[in-house]
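In: I'd like to go over a predicted model; first the sequence, then the structure.
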Amino acid sequence: MNRPFSFGSRQLDLARPRVMGILNITADSFSDGGELLSAGRLDGDALLRRAEAMVEAGADLLDLGAESTRPGAEAVAESEELERLTAALALLRPRFGVVLSVDSSSPAVFAMAAAAGADLLNDVRALRRTGALEAARESGLPVCLMHMQGEPGTMQDDPRYHDVLAEVGSFLSERVAACEAAGIGRDRILLDPGFGFGKRLEHNLTLLADLQALAASGLPILVGMSRKRMLGELTGRPTSERVAAGVAAAVLAAERGAAIIRTHDVAATVDGLKVLEGLNRKRGRQM
Ligand code: 9MG
């Protein structure tokens, strides 16, 4: 089955799982903070080198973020976020044909991103900020709606659920309905259960085990587990040594219907997904 999805003027067939490389233009992201900034400003050469390596390794999407969402991270002023992302898009857009995603919750950033050639809005707050739904609609871009319990600063203090799968599912359904009411059609929506966003290990594992339930919505599912704490809890390893665990998690998610895997480790993830694709060809399952 072909599942073409339009990201602005670009299309991706999501019948085969795709890899989204993470580019954090931040001082304090949990794994790669500070690597793309020099004296507080975007290091353009470092960004281009990292983007090129990811695209060569097989990334079909790149996700650009200018504010860390890790617990305890410093807030970044909207003007600073706009400046970093505008500069990054100006460098990347003319050079790369891949889908460029912007990780932000800010309506002002959404408007800028559309004008600067971005193809996707990735909002960990699922367009809940004032004016976000309207700005996303006006951008004309597709949106990734992610589930998060609480806010980044405190979300891991004491996350609780009665039924994490049902609660994440109903939150996402409610956000899809809000998008549709605001004029953003289902053909412009991707969903994300938000691994690690206000969730303990047991919650993350339940969501991974039952990811097919979310995929049953018919909307493409994006997941991000790369180097996250859940992998450290399972393996006892620090962030820099979680690549293998991240690939395992990516393959398990793709097998359960994830269409896009957000990762720091593009080459390893692409290889892992090739193993799954080979197996599925053998099983006669088309991807
Ligand atoms: C920005 N960001 C960090 N982790 C993420 C995840 O798991 N999903 C999405 N969509 N964005 C994320």
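Out: Great, that's in hand. The model shown is predicted, which means the values in this text are computed figures rather than measured ones. Numbering: from 1, shown residues only.
In: where does the chain get nearest to the ligand, which residue?
Out: Of all residues in the chain, G224 sits closest to the ligand, at 2.6 Å by CB to the nearest ligand atom. All C-beta atoms are positioned from the backbone trio N, CA, C, and that covers glycine.
In: in contact with the closest residue to that residue other than its chain neighbours, which residues?
Out: Excluding the flanking residues, the one nearest G224 by CB to CB, 6 or more residues apart in numbering is R262, at 3.6 Å. For R262, the contact set (CB atoms under 8 Å, 6 or more residues apart in numbering) comprises 20, 22, 63, 222-224, 226.
In: now which of those residues would you call buried?
Out: Among these, the ones that count as buried by 16 or more other CB atoms under 10 Å are 20, 22, 63, 222-224, 226.
In: now the residues you listed as a markdown table including pLDDT?
Out: Shown next, in a markdown table, are these (pLDDT from 0 to 100):
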| residue | pLDDT |
| --- | --- |
| M20 | 98 |
| I22 | 97 |
| D63 | 98 |
| L222 | 98 |
| V223 | 98 |
| G224 | 98 |
| S226 | 98 |
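In: list the contacts for R200?
Out: Applying CB under 8 Å, 6+ apart, one finds that R200 lies in contact with P159.
In: for it, give its distance to L23.
Out: To L23, R200 is 28 Å away according to CB to CB, to the nearest Å.
In: how about low-confidence regions in the stretch 151-287 of the chain?
Out: For the stretch 151-287 of the chain, applying pLDDT under 70 flags the ranges 285-287.
In: need the residues that contact the particular helix or strand that has D271 in it.
Out: Secondary structure from DSSP states H and E places D271 in helix 266-282. Helix 266-282 is contacted from outside by 16-17, 19, 21, 53-54, 57-59, 226, 243-244, 246-248, 250-251, 254-255, 261, 263, 286-287, using CB under 8 Å, 6+ apart.
In: give me that answer again for 7 Å
Out: With CB atoms under 7 Å, 6 or more residues apart in numbering as the test, helix 266-282 has contacts from 16-17, 19, 21, 54, 57-59, 243, 247, 250-251, 254-255, 261, 263, 287.
In: stretch 169-186 now?
Out: The contact list for stretch 169-186 (CB under 7 Å, 6+ apart) reads 126-127, 133-134, 136-137, 143, 145, 147, 189, 191, 213-214, 219.
In: just the buried positions in it, please.
Out: Buried residues in stretch 169-186, counted by 16+ other CB under 10 Å: 169, 171-172, 175-176, 178-179, 184.
In: could you do stretch 17-35 as well?
Out: Neighbour-count burial for stretch 17-35, counted by 16+ other CB under 10 Å, picks out 17-27, 29-33, 35.
In: ok, stretch 116-128 next?
Out: Within stretch 116-128, judged by 16+ other CB under 10 Å, the buried ones are 116, 118-127.
In: out of the contacts of stretch 169-186, name the ones that lie in strands.
Out: Of those, the ones assigned to strands by DSSP state E are 143, 145, 189, 191.
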